[in-house]
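A.B. asks: next input, structure requested:
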Amino acid sequence: MMNPFNYLLDRPSPTGGFAAGAYNYVFSDAVHPSPARWAGNARYVMVRKYGRGVEDYGIESYHVEGIRRIYQPLLDQRFQVLEETGHWVLYRKR
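C.D. replies: Numbering: from 1, shown residues only. Predicted coordinates:
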């Protein structure tokens, strides 16, 4: 939901997307930025993973699944998985 990495790495922020987003609060299936605007010119995208294997809460998984439902096709098309853990998936622009 927040991106501190560019600030911490003293890099310019990507354009597009939004600074904070929560499914069914800031955006929804019916109303959301286009996939191109959501990704903007980002070189990397990190998506949080929640699940029983890492003992996280169901409501958090609900929010991430909303993001994936809308934007996974874009992630698959424009990005590739760079690293994945039980908690995160890091994508790099192709």
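A.B. asks: relative to Val47, how far out is Ser61?
C.D. replies: From Ser61 across to Val47, the span is 12 Å (Cβ to Cβ, to the nearest Å). Heads up, the C-betas are built off the backbone N, CA and C, glycines and all.
A.B. asks: tell me the SS of the residue sitting furthest away from the middle of the chain?
C.D. replies: For the chain, the residue at maximal distance from the C-alpha centroid (Cα atoms, centre = their mean) is Asp10, at 20.9 Å. When classified by DSSP: H, G, I helix; E, B strand; the rest coil, Asp10 comes out as coil.
A.B. asks: and it, how far is that from Arg37?
C.D. replies: Counting by Cβ to Cβ, the gap from Asp10 to Arg37 is 25 Å.
A.B. asks: got the contact list for stretch 82-94?
C.D. replies: 42-49, 51, 53-54, 75, 78-81 (Cβ atoms under 8 Å, 6 or more residues apart in numbering).
A.B. asks: okay, how far is it across that stretch, tip to tip?
C.D. replies: 10 Å (Cα to Cα, to the nearest Å).
A.B. asks: in that stretch, what counts as buried?
C.D. replies: Val89, Tyr91 (16 or more other Cβ atoms under 10 Å).
A.B. asks: cool, and stretch 27-38?
C.D. replies: Buried, per 16+ other Cβ under 10 Å, within stretch 27-38: Phe27, His32, Pro33, Trp38.
A.B. asks: take those residues and write them to TSV, including distance to Thr85, pLDDT and secondary structure.
C.D. replies: Converted to TSV, the buried residues of stretch 27-38 look like this (distance: Cβ to Cβ, whole Å; pLDDT from 0 to 100; DSSP: H, G, I helix; E, B strand; the rest coil):
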residue	distance to Thr85	pLDDT	secondary structure
Phe27	26	86	strand
His32	27	91	coil
Pro33	27	88	coil
Trp38	23	86	helix
